[in-house]
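Visitor: Return atomic coordinates for the entry below.
(chains A and B)
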Amino acid sequence: MSSPDELARDTPPPYKRRRTGDTPSSGSSSPDVLAGNPDDFLPPRRLSQRRAGLSKKSVRRSRSASSSESRTRSQTPVRSSPSPTRSPRSRPRSQSPTSSNQSRSDSFSPEPQQPTPTPPREPLKPNYKARLALHGHAKAVSQVRISPNGRFIASASADATVKIWDAATGAHMDTLVGHMAGVSCVAWTPDSNTLASGSDDKAIRLWDRVTGRPKTTARKSAGQEMAPLRGHHNYIHCLAFSPKGNILASGSYDEAVFLWDVRAGRLMRSLPAHSDPVAGIDFCCDGTLVVSCSTDGLIRVWDTSTGQCLRTLVHEDNPAVSNVCFSPNGRFVLAFNLDNCIRLWDYVSGSVKKTYQGHRNEKFSIGGCFAILNGEAFVASASEDGDVILWDVKNKEVLQRVQGHKGVCFWVDVHGETMVTAGQDGSIRVYRHIGLSEEVNGNVCLSVYVESMIVFYGEKRASASCSIPS
Amino acid sequence: MNLLLSDDYLLQDYPESMTSTIRSGHATMLRFNRKGDYLASGRVDGTVVVWDLETMGVARKMRGHNKSITFLSWSKCGRYLLSTCQGWKAILWDLETGHRHREVRFRAPAYMAELHPWNHNIFVASLFEEQPLLVDVSEPVDVKRVLPSAPKRSNTENDAALKEKQAKEDAKQMTTSAIWTATGDHIIAGTSKGKLNIIDVKTLEIIYSEKICTGVITTMRITGSGRDLLVNSQDRIIRTFRIPNLSVEDLDPDTIQLPLEHKFQDVVNKLSWNHVTFSATGEYVAASTYNNHELYVWERNHGSLVCMLKDPKEEQGVIEWHPSRPLLAACGLETGRIYIWSVISPQKWSALAPDFAEVEENVEYTEREDEFDIYAQEEIHRRRLDAEDEDVDVLATDPTKEGDGLDNFRMPILFNLGESDSEDEFVAVSTGTMRRRSPGESQADLSAGAESSAPVRKKGGARGGRSKKK
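Guide: The predicted structure follows:
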């Protein structure tokens, strides 16, 4: 068995793979993470080792190359319940209001102060300020998503776990363990009670948010755990629920898009979608269309009910498309290209309406979304330099550049005033929009925060920590 | 959204081929909800099953009746479903919880009970050998008001003999079918003597009567617009009428006219019709035939037969046309399967390759003046960006689709439903051996289900699980 750093050398810097560490040189720093509990990571390691000898496609991904930043404090990945690894007594200390500038600040080093060079003064301008840094994942966090009701954050990580966090306090609520390999994607059902996760073990699992256990089914006998959705021949890379929550779309490295009947847990339709790994997938707001994209440079729009391809969008330069999402009204498609551009397509006319530039995106399948603040829409995207960039939809201007992670920022999700990012450094960061009026009494807000966290911790144990910027 | 991309409107708007078959028990009654995404089916054993048309899977199962379901009716919002059975009762189901919202008992088996088009707390029930009832369940104790069936008499002479004769006749008049007009201000009722009555809901009086056929009126339906009425009767003729505007201010009951538009019949075979339905817009009329396998579809402009659907080798009972698509559902009388006919839209091959276009005939290609000019890459890029001056709106949705009020209710997605299809058709006897479940067995199963449902309202899934074990 090779050590992780050896693997990292085996595999060249992965190409367009958001979750993986792209730091072959730094592989040496990680063993202490794995040393904590070696068997926890046996399956993924084995997988990835095998993969090292796989075809060219698989070489692009080396999940096991753990990120360089992972500090020793990131506790050993927990296998089952909310873990006891973090001693309860350490919590009150770190959370006490007096120590808000405290021992944890190392984890948050450069950024607590003013992420924006000039805080915008107009109410319509986004002004996201760093609030929390959530630590707990042992490896790079590949995707992070806020639940539709805005109360929870789900994060998928290369350490084969999914974690659920409280969006308001940053408290760790649950760790979902079950995947045998790194998790690339998560998706919330519209009612925020169920979570789907897709992993490199080729399985999609559905989780009950309330219990933190796999969904149960009455299929064979009452109360039995639902079997994971299996059918893809390769790693699952992206997931999306239909607006009603009855259909789950999954895109995989096997180049197909599958539509699943969520209730019965059965494969409904498989679309022979692309000639390269499917990198991104999304449902439009009325659920009739699915868009998928691939590193082959194609964006395809599918009819959900018939499974037919209704439109294919290709840019003249044919840049690889690493992620895709519909606009809130479903009339446009936002495509993240690996030529440092984000393009807004009108899929009816088949033309590019806007091109957003200013971020870095050449290797990874980084994510972004539309953000809506006060009825105004923005485009938000992560960047490979660790920042988050927000553009005006109409005039393509960069409205805010938020400093985020050390290393690549893989994903950003925005829900109203909350923004959350996932980074290669294994941390999740939560930002909040501070409007003009709120800025004055920002301190008050913060103290309320801290108090609520203390209450929370008094009641419930959590395995991961969070820290508050001053 | 998919309508923007598809040219399905070019396709024919009546179904042509059978596209799927679904089964859960022996279905006897079908009904689509207003939006057309769910299909409710009532079974012989009294179970009501709600199908999701997008996944063709079971969305809910509700047990509460123990006799064959005779009629189903959806509320406008899609949250409530009224079912009547041969067991003298009607249940109003709340699909949010899957529990019975209200239960109303009658003194006779009910032919049908139709919910008010706007108010889910009011419905009209036509009973076997009883006068129809207008039931209001908005209060904790339901209010039943008896509606008249005896036709309105214009003569006021005091001829005792005539009066007696009329009274005798009137005593035999029984309402067999009663439906609401589109506004919900009037009820159209058909009687066992072929009379059609229009009842004013405020006064509960018959404002108009006419003898429209000689046999018993078995089915009445109106189009979504409420302007056309379809009547099936036992005299083997299907009739369509134009409904006058009954909501005018100063409606004079004496001026009401109900002009007959078409008569559909098979004069050669003298077929009689099991069940009839209007198409989505009322342009077509479909009927299932007695003692025959075919479904007949007529168009209403000229009154001509457009097609006969004859796929399953089975007599069809209730048929239902989808409220917006060319999709027809029918349930087989013998097996209780639900057959679905639809149109199959062909894959447009040009949608898969955007640089190809489908042409009907040869087109001479004229190249643009600058088509093969060579520019620097930056120049092209700059030009492209400059061209993106169009204003885009990613938030505003299509105003024509707004405000129909059908999107308010979202049915929860259940994971504990049990097998979607063929639930109790076959029983595994030993490895590889199946046998058809005998009727007695399913009876036992159903009584067990009914028992458990009476005291504690358990989730349908728990019972589904039990039925599997038997």
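
Visitor: Up against chain B, what does the stretch 151-300 of chain A have?
Guide: A:189-191, A:194, A:206, A:215-222, A:226, A:242, A:244-247, A:261-266, A:268, A:284-289, A:300 (CB under 8 Å from any CB of the partner chain). To be clear about C-beta, it is placed using only N, CA and C from the backbone, and glycine gets the same treatment.

Visitor: shaky segments in the stretch 251-400 of chain A?
Guide: Within the stretch 251-400 of chain A, not a single segment meets pLDDT under 70.

Visitor: among the residues of the stretch 151-300 of chain A next to chain B, which ones are buried?
Guide: With burial judged by 16 or more other CB atoms under 10 Å in any protein chain shown, the buried subset of those is A:189-191, A:194, A:206, A:215-219, A:222, A:226, A:242, A:244-247, A:261-265, A:268, A:284, A:286-289, A:300.

Visitor: Looking at these, which are in strands?
Guide: Judged by DSSP state E, the subset of these located in strands is A:Thr194, A:Leu206, A:Thr216, A:Thr217, A:Ile247, A:Asp261, A:Met268, A:Leu289, A:Arg300.

Visitor: The closest residue to the second one other than its chain neighbours and A:Thr161, how far apart?
Guide: Think A:Leu206. Nearest residue to A:Leu206, sequence neighbours excluded (CB to CB, 6 or more residues apart in numbering or on different chains): A:Lys215, at 4.2 Å. As judged by CB to CB, to the nearest Å, A:Lys215 and A:Thr161 stand 17 Å apart.

Visitor: next one: A:Ile247
Guide: 26 Å.

Visitor: Which residue is it, in the stretch 1-150 of chain A, that comes closest to chain B?
Guide: A:Pro148 (11.3 Å; CB to the nearest CB).

Visitor: Would you confirm that that residue contacts A:Pro190?
Guide: Yes. Using CB atoms under 8 Å, A:Pro148 makes contact with A:Pro190 at a distance of 5.4 Å.

Visitor: neighbours around A:Trp260, how many?
Guide: 25 (other CB atoms under 10 Å in any protein chain shown).

Visitor: same question but for B:Ala161, I mixed them up
Guide: 7.

Visitor: in what helix or strand does it lie?
Guide: helix B:160-172 (DSSP states H and E).

Visitor: Need the CA coordinates for the next helix or strand after that helix. CSV is fine.
Guide: Later in the chain than helix B:160-172, the nearest helix or strand by DSSP H and E is strand B:175-180. What follows is strand B:175-180, C-alpha atoms only, in CSV (Å, rounded to 0.1, in the frame of the first residue of the first chain):
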residue,chain,number,x,y,z
THR,B,175,-80.1,12.0,-10.3
THR,B,176,-77.3,9.8,-11.5
SER,B,177,-74.7,12.4,-12.3
ALA,B,178,-74.2,15.9,-11.0
ILE,B,179,-71.4,18.2,-11.8
TRP,B,180,-70.6,21.9,-11.2
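
Visitor: quick one: buried residues of strand B:175-180?
Guide: B:Thr175, B:Thr176, B:Ser177, B:Ala178, B:Ile179, B:Trp180.

Visitor: And these, which two are furthest apart?
Guide: Farthest apart among these by CB to CB are B:Thr176 and B:Trp180. That separation is 15.9 Å.

Visitor: Surely B:Glu390 is within a helix?
Guide: No. B:Glu390 is assigned coil when assessed by DSSP: H, G, I helix; E, B strand; the rest coil, not a helix.

Visitor: Would you mind confirming that it is in contact with A:Lys353?
Guide: Yes. B:Glu390 is within contact range of A:Lys353, at 5.7 Å (criterion: CB under 8 Å).

Visitor: give the contact list for A:Asp339.
Guide: A:Asp339 is in contact with A:Asp317, A:Pro319, A:Glu362, counting by CB atoms under 8 Å, 6 or more residues apart in numbering or on different chains.

Visitor: Please write out the alpha-carbon positions of the helix or strand B:His381 falls within in CSV.
Guide: If you go by DSSP H and E, B:His381 is part of helix B:377-387. What follows is helix B:377-387, C-alpha atoms only, in CSV (Å, rounded to 0.1, in the frame of the first residue of the first chain):
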residue,chain,number,x,y,z
GLN,B,377,-7.8,35.8,-31.3
GLU,B,378,-7.9,38.9,-29.0
GLU,B,379,-9.8,40.8,-31.7
ILE,B,380,-12.4,38.2,-31.9
HIS,B,381,-12.7,37.9,-28.2
ARG,B,382,-13.1,41.7,-27.8
ARG,B,383,-15.7,41.8,-30.5
ARG,B,384,-17.7,39.1,-28.9
LEU,B,385,-17.7,40.9,-25.6
ASP,B,386,-18.6,44.1,-27.2
ALA,B,387,-21.6,42.5,-28.9
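
Visitor: In terms of secondary structure, what does it contact?
Guide: strand A:351-357 (3 or more CB pairs under 8 Å, 6 or more residues apart in numbering or on different chains; DSSP states H and E).
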